[in-house]
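# here are the coordinates; sequence isn't available:
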């Protein structure tokens, strides 16, 4: 009978009128019809189908039939009519576990997690024991919201109590919940307790590792999965390819690529997209483009992956061409496409391209999208169109905290501290709550601002909104306070922040060194060693050595070197270069040479050689510098602009003008290295020291940069040595026009007049210095105790 009625429904399924059922109370006919309608696509049946079936149920007196009403609940929730489902649920005289589960799941599916959790609690209070579907649904609400993290742990307890913690469906939801909150150990414990793990459970564990950056653990899990005979699916390959990208394990990624081809997943677009992304992140641009070309059905994500890879190389021309090809292929761009292109235009400061992309986004109706709007503000601010960015921001119909953050960051980028602060106050006044990204954005504007009042206001707001323990926020606050020299305030923030990770400590120590708080860096480093269980990494060690070099702390250098050896970083090029530089600046060239000799046989790094070259040049060991440069050439190490700064400086000290000029000309012709400002300054110094003052002046006038005080100072020093008054006066005046507070320029100008016997002009120069309140900075020496 049921089969016959279902056949009628299928044959005349367009409307209820064309398939009027028999007027008998058979709950199975309507239930099956509702089930079929709920499972079919929304376009396959008319919108009125549900209401017609609902009214037919009522007419047939089945409103009290729990079985029929449950199917009606499921139908309404799957079609997004949560209010109708709730009305039906409230009118049901008898509810069973399926009724409650349908409503809990429907609430979660339709974006009403609070209602779903309330219904779940009511279900338990009414004496129903939750099944795996209800538990998995409410655990889904705890995935992304920090406020529900504790609730998720309580639900884990409920799962254990009712014996569902070993269920693969519930276990997968628990895994994802713990993964989203960064609790890897808890997720591993859940995974170990799941009985009869299916591929979905293994994939959930893989996703847990990948989402938390644990690439090696994900790769190990994938191998174990293969050994246990679990068949890998699309999701397995996507997660494992992402894991190889995280760890930079290209060989493992290539093996996965081979398995993708072998197991016939080459036709799956999502897997191929992941491979394209992996090759781009590995720096294999051509391979990535070739894999992209092999994708059989390119979707918008495929094109976005290609655009993102090209954007990382800041290749705006090729990315623009890719966007044109995307349109020609009939694939429509989405908000991610426009966001990537707008941010690329900002990074390359290509205002013309950026404004065209923005116009295209407007035509496609994406200009008000939060992702696109934020990227547009970023593009305009980076291209110097700050007023346009603010005008666009003001005209947005809807502004959320993300767009506020982007506009505040735009002011921070241009160091407009007052504007950033004004906008921050407006955000609070409009009732929006700052998040963990708001504070770093506004604090970035205060890196060069010493207004402690603004610092304290921001600090008070951080405390008020409960972000004092957020490492991202605390680190930004410490950087801002270090910029203003507030050491004690910085230390207080560190104390309030509680336990901080290695990255946060590295940023804080770097901020202290950057702002010349070298005397406090060693104390800060000792505090880090007491508070942080992790060993210092290569970046922290290199930063500490830079602080020792800046303050010439030779004893501390030796202590840090012993720590470098103990932690196994002695052969890391970054640490070795910092160690060589520190010893050289402390005056112990023999120790610098020893540190270089220990590492140079095992690493061919140009930075390490450049550091040793500079050390030799600064210590006047010219022949050693030239010999080391020749050794670099024999090893076929690619020289950098810093290499030529060191070796041309050495030629300058030795008076080897022709050799220095030859080296300078070989930069572009032989090595393809474009000379920087520092290279031109070295060339001017080389010529001026030898007395070729007119040639030095010609270099200053012909170089592709606007002259700066230091390069005129080199010419002025040469004039002082060789007694050329006219050029000396010209150079001094040029310096004073750019840096009116330069005491050295006034003194040199006065001395040039005095040596020529023009005492009146010399006196005028001294008087002008006094009138402008410029005082000669006294030299000093420091002794390490």
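Received it, and whenever you're ready, just let me know what you need. These figures come from a predicted structure and were not determined experimentally.
# could I get the full set of strands for the stretch 51-200 of the chain?
Counting by DSSP state E, counting those that start in this stretch, the stretch 51-200 of the chain has no strands at all.
# please pull out the lowest mean pLDDT helix or strand from the protein.
Least confident helix or strand of the chain, by mean pLDDT, DSSP states H and E, is helix 2-11 with a mean of 37.
# distance of residue 248 from residue 776?
Distance, residue 248 to residue 776, by C-beta to C-beta, to the nearest Å: 53 Å. The C-beta positions use only the backbone N, C-alpha and C, and glycine is treated the same way.
# so between those two, which is more surrounded?
residue 248 (13 against 10; other C-beta atoms under 10 Å).
# any stretches of the stretch 551-700 of the chain with poor pLDDT?
Along the stretch 551-700 of the chain, no part satisfies pLDDT under 70.
# and for the stretch 1-150 of the chain?
Scanning the stretch 1-150 of the chain with the threshold set as pLDDT under 70 gives 1-53, 55-57, 59-61, 63, 143-149.
# likewise for the stretch 351-500 of the chain?
For the stretch 351-500 of the chain (pLDDT under 70), the answer is 447-452, 485.
# which residues of it fall in helices?
Along the stretch 351-500 of the chain, counting by DSSP state H, counting those that start in this stretch, helices occupy 351-363, 370-382, 386-394, 401-413, 417-429, 438-443, 452-464, 471-483, 487-497.
# is it possible to get a markdown table of those that adds distance to residue 690?
Below are the helices of the stretch 351-500 of the chain laid out as a markdown table (distance: least, C-beta to C-beta, whole Å):
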| stretch | distance to residue 690 |
| --- | --- |
| helix 351-363 | 45 |
| helix 370-382 | 44 |
| helix 386-394 | 47 |
| helix 401-413 | 44 |
| helix 417-429 | 47 |
| helix 438-443 | 49 |
| helix 452-464 | 50 |
| helix 471-483 | 42 |
| helix 487-497 | 46 |
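# distance to residue 608 and mean neighbour count added to the ones you listed, as a markdown table?
Below are the helices of the stretch 351-500 of the chain laid out as a markdown table (distance: least, C-beta to C-beta, whole Å; neighbours: other C-beta atoms under 10 Å):
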| stretch | distance to residue 608 | mean neighbour count |
| --- | --- | --- |
| helix 351-363 | 39 | 18 |
| helix 370-382 | 34 | 25 |
| helix 386-394 | 41 | 16 |
| helix 401-413 | 34 | 23 |
| helix 417-429 | 39 | 18 |
| helix 438-443 | 34 | 26 |
| helix 452-464 | 39 | 16 |
| helix 471-483 | 29 | 23 |
| helix 487-497 | 32 | 17 |
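# which one of those helices lies nearest to residue 511?
Closest approach to residue 511 among the helices of the stretch 351-500 of the chain (C-beta to C-beta): helix 471-483, 4.2 Å.
# which elements pack onto the closest one?
helix 438-443, helix 452-464, helix 487-497, helix 502-514 (3 or more C-beta pairs under 8 Å, 6 or more residues apart in numbering; DSSP states H and E).
# run the last query once more with 6 Å
Counting contacts by 3 or more C-beta pairs under 6 Å, 6 or more residues apart in numbering; DSSP states H and E, helix 471-483 is packed against helix 438-443, helix 487-497, helix 502-514.
# of all those, which one is nearest residue 133?
Shortest separation from residue 133 across those is recorded for helix 438-443, at 38.9 Å, computed as C-beta to C-beta.
# coming back round to it: quick one: the helices and strands packed on helix 471-483 as JSON lines, columns for distance to residue 615 too.
As requested, the helices and strands packed on helix 471-483 are arranged in JSON lines below (distance: least, C-beta to C-beta, whole Å):
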{"stretch": "helix 438-443", "distance to residue 615": "37"}
{"stretch": "helix 487-497", "distance to residue 615": "31"}
{"stretch": "helix 502-514", "distance to residue 615": "20"}
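# among those, which comes closest to residue 578?
Among the helices and strands packed on helix 471-483, the nearest to residue 578 by C-beta to C-beta is helix 502-514 (10.9 Å).
# next secondary structure element downstream of the closest one?
helix 518-531 (DSSP states H and E).
# what's the following helix or strand after that following helix?
helix 538-551.
# now do the buried residues in that following helix.
Of the residues in helix 538-551, 538-549, 551 count as buried by neighbour count, 16 or more other C-beta atoms under 10 Å.
# mind giving me the packing neighbours of the following helix or strand past that helix?
Sequence-wise, the next helix or strand downstream of helix 538-551 (DSSP H and E) is helix 554-566. Other helices and strands packing on helix 554-566, by 3+ C-beta pairs under 6 Å, 6+ apart, are helix 538-551.
# swap the cut-off to 8 Å and go again
helix 538-551, helix 573-585.
# make a markdown table from those helices and add distance to residue 295 to it.
Formatted as a markdown table, these follow (distance: least, C-beta to C-beta, whole Å):
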| stretch | distance to residue 295 |
| --- | --- |
| helix 538-551 | 38 |
| helix 573-585 | 39 |
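# out of the ones you listed, which is closest to residue 745?
Closest to residue 745 of the helices and strands packed on helix 554-566, according to C-beta to C-beta: helix 538-551, at 25.5 Å.
# give me the residues contacting that closest one.
The contact list for helix 538-551 (C-beta atoms under 8 Å, 6 or more residues apart in numbering) reads 502, 505-506, 509-510, 512-513, 516, 518-519, 521-522, 525, 528, 536, 553-554, 556-557, 560, 563-564, 567, 569, 572, 574-575, 577-579, 581-582, 584-586, 782.
# ditto for stretch 93-110
64, 66, 69-70, 73-74, 76-78, 80, 82, 85-86, 89, 92, 113, 115-116, 119-120, 122-123, 126, 128-131, 133-134, 137-138, 140-141.
# quick check on those residues: which are buried?
Judged by 16+ other C-beta under 10 Å, buried ones among the contacts of stretch 93-110: 66, 69-70, 73-74, 76-78, 82, 85-86, 89, 92, 113, 115-116, 119-120, 123, 128, 130-131, 134, 137-138, 140-141.
# residues in contact with stretch 411-425?
381-382, 386, 404, 407-408, 434, 438, 441-449, 451, 454, 457-458.
# again, only this time at 10 Å
Contacts to stretch 411-425, defined as C-beta atoms under 10 Å, 6 or more residues apart in numbering, come from residues 346, 378, 381-382, 384, 386, 389-390, 393, 404-405, 407-410, 434, 438-451, 453-454, 457-458, 461, 480.
# next one: stretch 722-731
688-694, 696-697, 700, 707, 709, 711-720, 745, 748-749, 751-753, 755-758, 761, 765.
# residues of that stretch that come out buried?
By 16+ other C-beta under 10 Å, the buried positions in stretch 722-731 come out as 724, 725, 727, 728, 729, 730, 731.
# what average pLDDT does it get?
For stretch 722-731, the mean per-residue pLDDT is 80.
# out of the buried residues of stretch 722-731, which comes closest to residue 312?
For the buried residues of stretch 722-731, the nearest to residue 312 is residue 731 (44.0 Å; C-beta to C-beta).
# grab the nearest non-local neighbour of that closest one.
residue 716 (3.8 Å; C-beta to C-beta, 6 or more residues apart in numbering).
# same deal with residue 274?
residue 241 (4.2 Å).
# other SSEs contacting the one helix or strand the one you found maps to?
Using DSSP H and E, the element containing residue 241 is helix 234-247. Helix 234-247 sits against helix 199-211, helix 215-227, helix 250-262, helix 269-281, with contacts defined as 3 or more C-beta pairs under 10 Å, 6 or more residues apart in numbering; DSSP states H and E.
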